[in-house]
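Visitor: Mind folding the following:
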Amino acid sequence: MKTSAFEKTAQNIAIILVMLFFMLPLFWLFTTAFKFGREAFAIPPKWIFFEFTLKNFQEVWQNSQITLFLTNSIIISAGATLLSLVLGVPAGYAIARSKSRLINGSSYFFLLLLMIPPIAMLIPFYLLMRDLRLLGTYVAVILLDTAFDASFVVWMMRSYFKDVPQEMEEAALVDGASHLQAFFRIALPLSIPGIIASALYCIIFSWNDFLFALMLTSPATKTMPLGILATFSAVEISWGRMAVMCIFAMIPALIISTFLNRYFVQGLTLGAAK
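Guide: You can find the predicted model right below:
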């Protein structure tokens, strides 16, 4: 059915309005980063015409540990993502190729883990890390993030590997390849979009994690969400510095998402086909 010019125009206007609605908080965040404190909540709001300043950026670089927060977030996110993929991808493949109903049914256990509220696992894990003397280390946060990330990776990759033609692996086995070689040379290369989609989820979850980092880190291992929290004090809330910290927190995720977005969409679509 052919769409009329009026319907196309109405559709484009609706899309623009929806985009503006969702972009408004980001616009407020970016403008607040360049405002003095008195102008952040001026009535009426000063959206465009306001006194421009770089004072907030100066204060963040001079008075905060932003490089430390960024470094810690990168280490924890990279560690949790790598460990989740190392554990989750082979597990998802094994479940997808298994003929056992029991093993196939075990995939729902990983889905059940994702349904558990994170705070329900925090207290016992906190006590466990305390007994192992790992509190305040990167390892503690990475392990707990991996418990959730790896569960998603297993569930995601199980669905994805089921869509990979098994006949190609069987042909490799007939040619003399082992099951391990068939996995690395056939199944794994064909599942790259699914792996990238899973990796992006792990990165975003670990990067934005606040609760686990709050309870398990030390001053030397604090992450960006905790750095943003540090802009709040009993005396005042420095909205300008908070906006600057949020901008720096978003930049790595935006860069990664921009370059890998097409793999992310493709991986989620194909992985959910089953």
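
Visitor: Please make it C-alpha for all contacts and neighbour counts, starting now.
Guide: OK.

Visitor: Now do the helices in the stretch 151-274 of the chain.
Guide: Counting by DSSP state H, counting those that start in this stretch, residue ranges of the helices within the stretch 151-274 of the chain are 166-174, 179-182, 188-190, 192-208, 211-216, 224-229, 239-271.

Visitor: Could I get those in TSV, plus columns for distance to Met23?
Guide: TSV is the format used below for those (distance: least, Cα to Cα, whole Å):
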stretch	distance to Met23
helix 166-174	44
helix 179-182	46
helix 188-190	36
helix 192-208	19
helix 211-216	26
helix 224-229	21
helix 239-271	14
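
Visitor: Between those helices, which has the poorest mean confidence score?
Guide: Looking over the helices of the stretch 151-274 of the chain, mean pLDDT reaches its minimum on helix 239-271, with a mean of 75.

Visitor: related to what we said a few turns ago, make CSV from the helices of the stretch 151-274 of the chain and add distance to Ile74 and mean neighbour count to it.
Guide: Supplementary listing: the helices of the stretch 151-274 of the chain in CSV, determined by distance: least, Cα to Cα, whole Å; neighbours: other Cα atoms under 10 Å:
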stretch, distance to Ile74, mean neighbour count
helix 166-174, 36, 14
helix 179-182, 31, 14
helix 188-190, 26, 16
helix 192-208, 8, 22
helix 211-216, 13, 19
helix 224-229, 9, 20
helix 239-271, 9, 17
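
Visitor: and of the ones you listed, who's closest to Ser4?
Guide: Ser4 lies closest, by Cα to Cα, to one member of those: helix 239-271, at 29.7 Å.

Visitor: Helix or strand: which one has the residue lying closest to Lys46 once chain neighbours are set aside?
Guide: For Lys46, ignoring the flanking residues on the chain, the nearest one in space by Cα to Cα, 6 or more residues apart in numbering is Glu39 at 7.1 Å. Mapping Glu39 onto the secondary structure by DSSP states H and E places it in helix 37-40.

Visitor: Quick check: which ranges of the stretch 1-150 of the chain have low pLDDT?
Guide: For the stretch 1-150 of the chain, the stretches flagged by pLDDT under 70 are 1-3.

Visitor: wait, Phe30 sits on Met242?
Guide: No: in this structure, Phe30 is not within contact of Met242 by Cα atoms under 8 Å, at 10.6 Å.

Visitor: what's the nearest residue to the spatially most central residue of the chain if we skip its chain neighbours?
Guide: Geometric centre of the chain, nearest residue: Ile204, 1.0 Å, by Cα atoms, centre = their mean. Residue nearest to Ile204 in three dimensions, not counting chain neighbours: Ala253, with 7.1 Å by Cα to Cα, 6+ apart.

Visitor: still on that earlier bit, now do the contacts for the residue nearest to Lys46.
Guide: Contact criterion Cα atoms under 8 Å, 6 or more residues apart in numbering gives Pro45, Lys46, Phe50 as the residues in contact with Glu39.

Visitor: I'd like the distance between Leu54 and Thr221.
Guide: Summarising the geometry, the distance separating Leu54 from Thr221, computed by Cα to Cα, to the nearest Å, is 28 Å.

Visitor: Name the residue in those two with the higher neighbour count.
Guide: Counted by other Cα atoms under 10 Å, Leu54 and Thr221 do not tie: Thr221 has more neighbours, with 20 against 13.

Visitor: need the contact list for the more buried one.
Guide: The contact partners of Thr221, by Cα under 8 Å, 6+ apart, come to Leu68, Phe69, Asn72, Gly136, Thr137, Tyr138.

Visitor: Let me know the distance separating it from Ala96.
Guide: Using Cα to Cα, one gets 38 Å for the distance from Thr221 to Ala96.

Visitor: Trp155 is in contact with Phe110, isn't it?
Guide: Yes: Trp155 sits in contact with Phe110 when judged by Cα under 8 Å, with a separation of 6.6 Å.
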